[in-house]
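**Student:** sequence below, structure please.
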Amino acid sequence: MPKGTYKRTSKHLIPLIRRNKSIENRIKVSYALIGHGFSKKTLKKMRENHADFSGENNPNWRNNDVGKIGIHLWLSKNFKKKKICEFCGKSGTSFSIQWAKLKNKPYARLRENFIELCARCHKNYDCNKIFCVNGGW
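**Tutor:** Numbering: from 1, shown residues only. Presented below is the predicted three-dimensional model:
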């Protein structure tokens, strides 16, 4: 056994258990754990001075230099899905209807570059099984 350590026997454990279960000790520990906090006046000042760093005001904003995941997150945040496939008309949940990028369009923060497709139509579209219909896609 390393130097300075010992096995706790019942002789040592019983007083510790009694001490930790006492109400006085619990109250003492809870008061010691209470943080400083801020006054209501300070909290009000903090709320008033809080800068808005959402969207384009964020210093990490990359405009159209963003990847696929960033574009899809932007789409789902700014545009509500209709939950209807734009090709077959099948309705579904927000998970079964997916954003699909049109093939002749670049990845950019433009809603018109994306369509809502069900999982089956999205897979077929990506595998070139769905072709342009009447000058559509």
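**Student:** give me the element the residue nearest the centre of the chain is part of.
**Tutor:** Central residue of the chain (C-alpha atoms, centre = their mean): Leu73, 9.7 Å from the mean position. In the assignment (DSSP states H and E), Leu73 maps to helix 68-78.
**Student:** so which elements touch that helix?
**Tutor:** Counting by 3 or more C-beta pairs under 8 Å, 6 or more residues apart in numbering; DSSP states H and E, the packing neighbours recorded for helix 68-78 are strand 97-101. Any C-beta I mention is one placed from the backbone N, CA and C, and that applies to glycine too.
**Student:** how about Ala100, what does it touch?
**Tutor:** The contact partners of Ala100, by C-beta atoms under 8 Å, 6 or more residues apart in numbering, come to 114-117, 121-122, 125-126.
**Student:** quick one: the helices in the protein?
**Tutor:** Under the criterion DSSP state H, helices of the chain are mapped to 10-21, 23-33, 40-49, 68-78, 119-126.
**Student:** pick the most buried one from the ones you listed.
**Tutor:** With neighbours taken as mean count of other C-beta atoms under 10 Å, the helices of the chain reach their highest mean count in helix 119-126, at a mean of 16.
**Student:** quick one, that helix and strand 97-101 angle?
**Tutor:** Counting by axes from the mean of the first three to the mean of the last three C-alpha atoms, to 10 degrees, helix 119-126 lies at 10 degrees to strand 97-101.
**Student:** understood, closing this out.
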